[in-house]
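[1] the sequence isn't on hand, but the structure is:
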């Protein structure tokens, strides 16, 4: 086994088990997504994640990590595994073909047609 | 004013408690159990140093005491009036969490009583720090509950931490000879009143978590801190804490 690191953050990772090819099981907490609301009534905005053993602890950690240095009205935490998402491989479904200009408001020159109709009568 | 002795005594012990627990808990910085907890615990330690500073400032401003830095870093052990609970080494995390729970619950009720104080600087300070202390208590409660309801090992460890820390925590409530004045002048309701509020609150939570309240027969066993008699742990702490200051006490920071 290698000597212990001088950096306590490295020692905390318990790396010797990983180096022996055995990943420790059941030693990591799940992650929670954190949403920050800066004023009552405004929408909470996603700001990052925390590891925690329970939703209650996730709220405790989120406060010090994401609300310590800015105005805060509230925080939300959601277990990361409860967030449903597309596969990154499907990113192409969000592309819009350039020919579909009829889906954009600028496509309709309504004013011109009203004027043309007025001139006709 | 002779009666200022009682007020000054109250402020000094609160400040010394906050300074020493702040320093102790900051010893976890960098080696906390997980990164998120490391950040939270360190941040709360800084809050405590802030409370100590604000209290030393009250001693300086109406009472003409020395400045806060000198007060914090240039006194002998005998001149400190912190209680024994804050002096103990950090130990394992179960002890540190349990001490945090017992200490912050006492702080919460002390500041809560002081929101009604006739001594305005303390009344104003207690209103200002209320939110911070409330978070400290929530953090402590969440951890103790998590460990009490975790698994057999975590439950056994947090129970033994409680059994060990509880008698020492009674050192917080060592009475002062000058307390009557504080009560009569509606400055502070006294250590006994504080103990009763604390005990009821601690008992309610401990039993709710499925833990057992320790039975203590000797209330006074860990007294002495308020009169300057400390555990063997305080002197080494002060030596380390004041090391940099002592290099050049007149330096401007």
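    Ah, there it is. Note that this is a predicted model, so its numbers are computed, not measured.
[2] spell out the secondary structure type for residue A:77.
    Secondary structure for residue A:77, judged by DSSP: H, G, I helix; E, B strand; the rest coil, is strand.
[3] for residue 66, which non-adjacent residue is spatially closest?
    Because you didn't say which chain, this covers chain A. residue A:47 (4.9 Å; Cβ to Cβ, 6 or more residues apart in numbering or on different chains). Any C-beta I mention is one placed from the backbone N, CA and C, and that applies to glycine too.
[4] the intended chain is chain B.
    Per Cβ to Cβ, 6+ apart, closest to residue B:66 is residue B:60, 7.0 Å.
[5] what residues does the stretch 101-250 of chain B put near chain A?
    For the stretch 101-250 of chain B, the residues in contact with chain A (Cβ under 8 Å from any Cβ of the partner chain) are B:135, B:138, B:139, B:142, B:143, B:145, B:146, B:150.
[6] returning to what we had before: partners of the strand or helix carrying the residue nearest to residue A:66 in the sheet?
    For residue A:47, the host element (DSSP states H and E) is strand A:45-52. Strand A:45-52 pairs in its sheet with strand A:30-37 (antiparallel), by DSSP bridges.
[7] what comes up buried for the partner strand?
    Residues A:31, A:32, A:33, A:34, A:35, A:36, A:37 are the ones in strand A:30-37 that count as buried (16 or more other Cβ atoms under 10 Å in any protein chain shown).
[8] distance of the closest residue to residue B:228 other than its chain neighbours relative to residue B:231?
    Leaving aside its chain neighbours, residue B:228 sits nearest to residue B:78 (4.4 Å; criterion: Cβ to Cβ, 6+ apart). Using Cβ to Cβ, to the nearest Å, we find residue B:78 at a distance of 13 Å from residue B:231.
[9] neighbour count: those two, which is higher?
    residue B:231 (19 against 10; other Cβ atoms under 10 Å in any protein chain shown).
[10] my guess is the more buried one meets residue B:89, correct?
    No. Contact between residue B:231 and residue B:89 fails when scored by Cβ atoms under 8 Å: they sit 9.8 Å apart.
[11] so what's the residue most central in space within chain A bridging to?
    Geometric centre of chain A, nearest residue: residue A:46, 5.0 Å, by Cα atoms, centre = their mean. Beta-bridge pairing of residue A:46 under DSSP bridges involves residue A:35.
[12] residues touching it, list them.
    A:33, A:34, A:35, A:36 (Cβ atoms under 8 Å, 6 or more residues apart in numbering or on different chains).
[13] so which bits of chain A are right by chain B?
    Close to chain B, as judged by Cβ under 8 Å from any Cβ, chain A has residues A:8-9, A:11-12, A:29, A:50-54, A:56-57, A:60-61, A:63-65, A:68.
[14] that's all I had, so thanks and see you.
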